[in-house]
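> this one's structure only:
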């Protein structure tokens with residue numbers, strides 16, 4: 001799978017979208033609804049740079065969507081006005097070349113010409129961040145959900161941790177890679193107790209699928225919910241190459257707690273050992289190796305996580321489509 005990722009090419013950030021003429025410019029899009037969830041068309045959207053007198057305007061379409069293309073990087077204020085509804089605004093930060101999806105504007109019915117500032121609770125922000133992460137895919141194909149490019153990530157609730165885990169487990173790529181792994185094991189006659197033929201392939205496929213799925217849930221959902229730790233990799237992106245490499249490798253054994261503090265990664269280490277123990281149980285009796293195989297598999301998995309984080313830090317960011325950076329509210 002790693003070889004496939006390393007050799008895969010990057011594709012356009014959003015299929016069907018026109019890239020800005022200026023490669024360092026970005027795009028800001030969003031959706032406008034009323035308090036009942038109905039899409040708001042013909043709303044006037046103003047984009048103004050912070051500290052600048054210049055501004056641009058756009059009008060939402062029938063689908064409630066608005067779009068500003070070829071926008072230079074920086075901090076901006078978005079203001080929305082619609083007939084019969086209170087206006088709303090928010091501050092966004094756009095990075096070079098980014099396609100920024102603003103948090104949805106929800107406009108209430110206007111009362112006495114009041115103006116409403118759109119604000120989100122920490123839980124709402126976390127939910128928006130998770131929704132953004134669930135759109136991230138390496139080369140537009142392989143899920144890259146357990147990584148945050150946001151500079152100010154909110155801690156996840158247990159429900160959100162399980163949501164990310166099940167999104168990975170139920171993704172078609174999980175079944176595809178399990179099949180590829182089973183095919184390789186079949187060709188190399190790995191675990192002879194499974195024998196050959198369709199029956200042997202089926203056993204290898206079931207074991208591979210169970211191993212990948214259980215590893216994802218143990219490491220990304222069950223133990224993080226139990227120990228109140230965040231299962232995501234937090235992209236650094238700044239500093240020297242050596243500092244970023246040390247950070248990436250260290251996050252295989254340390255992680256952020258839901259309290260925002262770094263701590264030993266009990267979730268990841270126990271998750272790898274649990275998945276290894278479960279995998280050992282799938283093997284035929286002749287291929288089992290007790291605790292030794294469990295710990296060997298766990299250590300290899302932890303080492304693989306460290307290598308995967310190196311790829312996240314230096315490679316995958318450039319190949320990930322729909323990678324979001326900042327979802328927050330103005331102070």
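That came through fine. As the structure is a prediction and not an experimental result, all values here were calculated from the model.
> give me the pLDDT for residue 4.
Per-residue pLDDT puts residue 4 at 36.
> tell me which residues touch residue 212, please.
169, 174, 177-178, 181 (Cβ atoms under 8 Å, 6 or more residues apart in numbering). (C-beta placed from N, C-alpha, C; glycine too.)
> nearest to residue 213 among the residues you listed?
residue 169 (4.6 Å; Cβ to Cβ).
> wait, isn't the closest one in contact with residue 213?
Yes - the pair residue 169 / residue 213 is scored as a contact, 4.6 Å apart, by Cβ atoms under 8 Å.
> all helices for this protein, in order.
Per DSSP state H, the chain carries helices over the ranges 2-7, 122-133, 158-169, 172-188, 197-217, 223-227, 241-250, 266-282, 290-311, 317-319.
> can I get these in a markdown table with distance to residue 235?
Shown next, in a markdown table, are the helices of the chain (distance: least, Cβ to Cβ, whole Å):
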| stretch | distance to residue 235 |
| --- | --- |
| helix 2-7 | 16 |
| helix 122-133 | 11 |
| helix 158-169 | 16 |
| helix 172-188 | 21 |
| helix 197-217 | 20 |
| helix 223-227 | 18 |
| helix 241-250 | 9 |
| helix 266-282 | 17 |
| helix 290-311 | 10 |
| helix 317-319 | 6 |
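> worst mean pLDDT among these?
Lowest mean pLDDT within the helices of the chain: helix 2-7, at a mean of 35.
> show me the domain layout of this protein.
As given by automatic domain parsing, the domain ranges for the chain are 9-118, 126-321.
> and residue 253, what does it touch?
When contacts are counted by Cβ under 8 Å, 6+ apart, residue 253 is found next to 264-265, 268-269, 302, 306.
> which of those residues tops the neighbour count?
residue 265 (27 neighbours; other Cβ atoms under 10 Å).
> got the contact list for the closest residue to it other than its chain neighbours?
Counting by Cβ to Cβ, 6 or more residues apart in numbering, residue 265 lies nearest to residue 255, which is 4.2 Å off, once chain neighbours are set aside. Contacts for residue 255 (Cβ under 8 Å, 6+ apart) come out as 229-231, 262-265, 267-268.
> if we use 7 Å, what do you get?
Residue 255 makes contact with 229-230, 263, 265, 267-268 under the criterion Cβ atoms under 7 Å, 6 or more residues apart in numbering.
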